[in-house]
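1. build the 3D model from these lines:
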Amino acid sequence: LDGYDPAGATTRAAAGRLYFPPLTPPLFNRATYRYELGRGAWALEQLLTFANVSATIRMVVVRMGDGGLWCMSPQWPTGELCALLDELGPVAHVVLP
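-> You can find the predicted model right below:
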């Protein structure tokens, strides 16, 4: 896990964390964290909480040869998530597992 540094994650809270209500909490304020995985790949994570249990959901983003982004397992489209993606480039493909 060379280069994996959760403390060095990038966020854009000022872009907004509000979104339409999902079925899983947190309902109205979900932070998004971006981690660089190396070789033109990133992980964007959001936190889920259920009673006293918490877990993260992860979207993997890869920059393709033409500069477009390939996004696997998209998350809730908060303003923060969209801002973090926009910094990387245009989304070309979205894969729903």
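2. direction included, what does the worst-scoring helix or strand of the chain on mean pLDDT pair against?
-> Lowest on mean pLDDT, DSSP states H and E among the helices and strands of the chain sits strand 41-50, with a mean of 89. Looking at strand 41-50 with DSSP bridges, its paired strands and their directions are strand 32-38 (antiparallel), strand 53-63 (antiparallel).
3. buried residues in the first one?
-> With burial defined by 16 or more other C-beta atoms under 10 Å, the residues of strand 32-38 counted as buried are Thr32, Tyr33, Arg34, Tyr35, Glu36. Using the backbone N, CA and C atoms, a C-beta is placed for each residue, glycine as well.
4. quick check: the third one touching Leu84?
-> Yes. Distance between Arg34 and Leu84: 4.8 Å, which falls inside the contact criterion (C-beta atoms under 8 Å).
5. common neighbours of those two, please.
-> Here Arg34 and Leu84 have Thr10, Thr11, Leu44 as joint contacts, going by C-beta atoms under 8 Å, 6 or more residues apart in numbering.
6. which of these count as buried?
-> When neighbours are counted using 16+ other C-beta under 10 Å, the shared contacts of Arg34 and Leu84 contain these buried positions: Leu44.
7. make TSV out of the shared contacts of Arg34 and Leu84 and add distance to Trp76.
-> Conversion of the shared contacts of Arg34 and Leu84 to TSV gives the following (distance: C-beta to C-beta, whole Å):
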residue	distance to Trp76
Thr10	18
Thr11	15
Leu44	11
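8. and Ala14, how far from Gln46?
-> Computed as C-beta to C-beta, to the nearest Å, the Ala14 to Gln46 distance reads 17 Å.
9. so which of the two has more stuff around it?
-> When Ala14 and Gln46 are compared for neighbours, Gln46 comes out ahead with 21 against 9, by other C-beta atoms under 10 Å.
10. shouldn't Leu85 be within a strand?
-> No. Inclusion of Leu85 in a strand is not indicated when DSSP: H, G, I helix; E, B strand; the rest coil is applied; the result is helix.
11. mind checking which helix or strand Cys82 is in?
-> Here Cys82 is covered by helix 79-86, with elements defined by DSSP states H and E.
12. now that helix: buried residues?
-> Along helix 79-86, these residues count as buried under the neighbour rule (16+ other C-beta under 10 Å): Gly79, Glu80, Leu81, Cys82, Ala83, Leu84, Leu85.
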